[in-house]
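> give me a model of this one.
(one chain, ligands or ions: 1)
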Amino acid sequence: MSAPASSREAAERVKKLRAEIARHNYLYYVLDAPEIPDAEYDRLFRELQELEARHPKLVTPDSPTQRVGEAPLKKFGAVRHEVPMLSLVNAFTEQEVVDFDRRVRERLGLEVAPGILPPATLTRPCVSQVEYSAEPKLDGLAVSLLYQHGRFTQGATRGDGETGEDVTQNLRTIKAIPLHLYGKGYPEILEVRGEVYLSKQVFNELNRQALARGEKPFANPRNAAAGSLRQLDPKITASRPLAFYAYGLGKVQGGVMPDKHSAILAQLRDWSVPVAREQKVVQGVQGCLDYYRDMSARRARLPYDIDGVVYKVNRLDHQEQLGYISRAPRWALAHKFPAQEELTGVLDIEAQVGRTGALTPVARLKPVFVGGVTVSNATLHNQNEIDRLDVRVGDSVIVRRAGDVIPEIVSVVRERRPPRTRPYHLPRQCPVCGADVVRAEGEVVARCSGGLYCPAQRIQAILHFASRRAMDIEGLGDKLVEQLVTQKLIETPADLYTLTLEQLAGLERMGEKSAANVYGAIQKSKKTTLARFLFALGIREVGEATAQTLARHFGDLDAVMEADEATLQNVPDVGPIVAAHIAAFFRQRHNREVIQRLREAGVTWPGVQRTPAARLPLAGKTFVLTGTLEHMTRDEAKEKLQALGAKVSGSVSAKTSCVVVGRDPGSKLDKARELGVEVLDETALHKLLRGAD
Ligand code: 9MJ
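Next comes the predicted model:
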């Protein structure tokens, strides 16, 4: 688009651009269904910015370009809520929800309390159900947004419900909050109420950054959201991608709103105010309880944290009739999920040994009911985490269990520490095999050096060797491998190939037919590919895609085995760490012996056509992944891209060729837009991976 010549033309173009941007914001933030790629949106935005820069008179406070810009405040002003911001009554059991619904129906005269109405009515109990709006209960910060003639003019925190803090300039930085309502028909004064929150992904990213800077991470998304919104410098708020969902109204003047809560939310959506998609109209108490169950099941997969659900009587005339009791509406109820954080004691700390020999410290806890289950163990991840928390045997700790996530210790209650406790250190010897525990330079994980000799690693290593994507030995499951290892019939993967049919058939609970099947599967697995074989060895950091790249690059096993670290680093995306793991693996005499025996047993593969790195389809390109992918993990996507010759980096820069975005992308997407880097969604990524194969 060429630059408009006159200021009248500029004014028209600005108007058009704003309308277009408003529509795309609506599609993106409210409907979650963008029509144009991000790059196109960015072009519109930049064009508007440039026009406004050339014609400063055209800048208005509600222009989408005017989100940040004000100077830091000394302190927040106070805002009185003309219509108080209410709190909610909590329920923790189904019975409390049943009681709530009964009270609602009694007050509305839909059901009759015994003894109040004539007996004739009592013989035919009224069964009419109340319609409720059921909503996720977001764990964020309640705010009120004032729109005057459609323009966002003031925003405040809830405060004590009567008076809150004026956080207008910070709320303006939240892209999901429209600076001007979209469309038509809004009242002259409209106060929208809702929750400012952080998506789980943004929260994790913020904490990752905080840890990287050596700062203390936020305890939960709620604290992080509150901390981010209550910043005197709006630039800090702007740097933390907060989100917003509306759930109700405050003052309304000079216009009419629908007469049902659900219709109000739908109307707000039409005006480009985001409302949680999970909001739903349900019938009666059963509808509420079904909704609660459904949301409990979906909770872990939601992109944001919720601490329960809210039921609201849907008809506004009924709400009015029900009224309030000490600042909480009688027409609403928060049905909370079981507490996700509880206090308990550390009975012991033990080190567990995994397949790769990694020692994971695990806290044995005094059993405690948290997040709906009894928890008696919590992972402590590694020595760094133990040092950070300074958790000791005998400590009182706060345990968190969110959704299906494994329980973890959030913090230690220092005030309750008994005397004479000692800092915990991982053992120097492997608790399973007694071999030395080593922690490589710059690594957080400590490992047992016993390799395949360590029984803890042996079973897992053999299972990995036999797995479908490795040697694909059907029927060799964990029970069978455990039996074979504990009965000392096998020690290493090579021993699988010397097992006899009689030995297999002689195992407990093994029928002759199954023994023959497993035996056959073992023999069949001898014909494999170099890539599968390399993957099957279980070398650290060598996944399927890296194994494939190695196979293609070197062409035969001996070349891989003899390569030194420098040579290995010539392979696309084999960096110094992966190269060190590969070289260290093949240096181990024991591993070379196992490989030798596997070859002698007849494990073979066809020759591999070598493809030099530079000829791979994505050679020379750098990708960045952000957000949650639906159909593969980020690591899988990374490996697949690397196998095609691409580099995968953790941060976006001018050198980035492409950013792949999943659900809830973080700041990387913003950065990509800023730099005009190409953006791919997951579908496009799949297409690329398929096409390039
Ligand atoms: C939250 N926190 O998600 C209300 N809330 O309604 C929802 N909070 C609320 N509704 C009236 N969905 C007062 C508070």
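> could you check the pLDDT of residue 531?
Reading off the confidence values, residue 531 has pLDDT 94.
> count of neighbours near the closest residue in space to residue 681 that isn't next to it in sequence?
Once flanking residues are discounted, residue 681 sits nearest to residue 661: 6.0 Å by CB to CB, 6 or more residues apart in numbering. The C-beta positions use only the backbone N, C-alpha and C, and glycine is treated the same way. Residue 661 has 23 neighbours, counted by other CB atoms under 10 Å.
> ok, residue 409 next?
Residue 409, neighbours per other CB under 10 Å, totals 22.
> residue contacts, it?
Neighbouring residues of residue 409 by CB atoms under 8 Å, 6 or more residues apart in numbering: 346, 363, 378, 380, 389, 391, 397, 398, 399, 400.
> possible to save the residues you listed as CSV with pLDDT?
Supplementary listing: the contacts of residue 409 in CSV, determined by pLDDT from 0 to 100:
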residue, pLDDT
346, 97
363, 97
378, 94
380, 93
389, 93
391, 97
397, 95
398, 93
399, 93
400, 88
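> I'd like to know which of those residues is nearest to the ligand.
Set against the ligand, the nearest of the contacts of residue 409 by CB to the nearest ligand atom is residue 400 (19.7 Å).
> how close does the closest one get to residue 180?
40 Å (CB to CB, to the nearest Å).
> and the contacts of residue 409, which of them are in strands?
346, 363, 378, 397, 398, 399, 400 (DSSP state E).
> which one (most neighbours) among those residues?
residue 363 (27 neighbours).
> hey, what's that one bridged with?
Under DSSP bridges, the beta-bridge partners of residue 363 are residue 349, residue 378.
> so it is in contact with residue 391, correct?
Yes - Residue 363 lies in contact with residue 391 (CB atoms under 8 Å); the separation is 6.7 Å.
> common neighbours of these two, please.
Common neighbours of residue 363 and residue 391 (CB under 8 Å, 6+ apart) are 346, 349, 380, 397, 409.
> can you confirm the last one is in a helix?
No - under DSSP: H, G, I helix; E, B strand; the rest coil, residue 409 falls outside any helix and is assigned strand.
> that one bridge partners, please.
Those that pair with residue 409 in a beta bridge, by DSSP bridges, are residue 399.
> and the helices in the stretch 451-600 of the chain?
For the stretch 451-600 of the chain, the helices defined by DSSP state H, counting those that start in this stretch cover 455-466, 478-486, 501-505, 512-524, 530-536, 544-554, 557-562, 565-568, 576-587, 589-600.
> run through who's touching the third one.
With CB under 8 Å, 6+ apart as the contact definition, helix 501-505 has outside contacts at 489, 510, 512, 515, 516, 518, 519.
> repeat that for the second one.
Residues lying outside helix 478-486 but in contact with it, judged by CB under 8 Å, 6+ apart, are 455, 458-459, 462-463, 466, 490-491, 499, 507-508, 510, 518.
> now do the helices in the stretch 201-350 of the chain.
221-229, 234-238, 261-270, 284-298, 316-322.
> low-confidence ranges in the stretch 51-200 of the chain?
Low-confidence segments of the stretch 51-200 of the chain, defined by pLDDT under 70, are located at 69, 111-127.
> write out the residues of it neighbouring the ligand.
86, 88, 135, 137, 138, 195 (CB under 6 Å from any ligand atom).
> what does the chain give?
Counting by CB under 6 Å from any ligand atom, the positions of the chain adjacent to the ligand are 86, 88, 135, 137, 138, 195, 247, 248, 310, 332.
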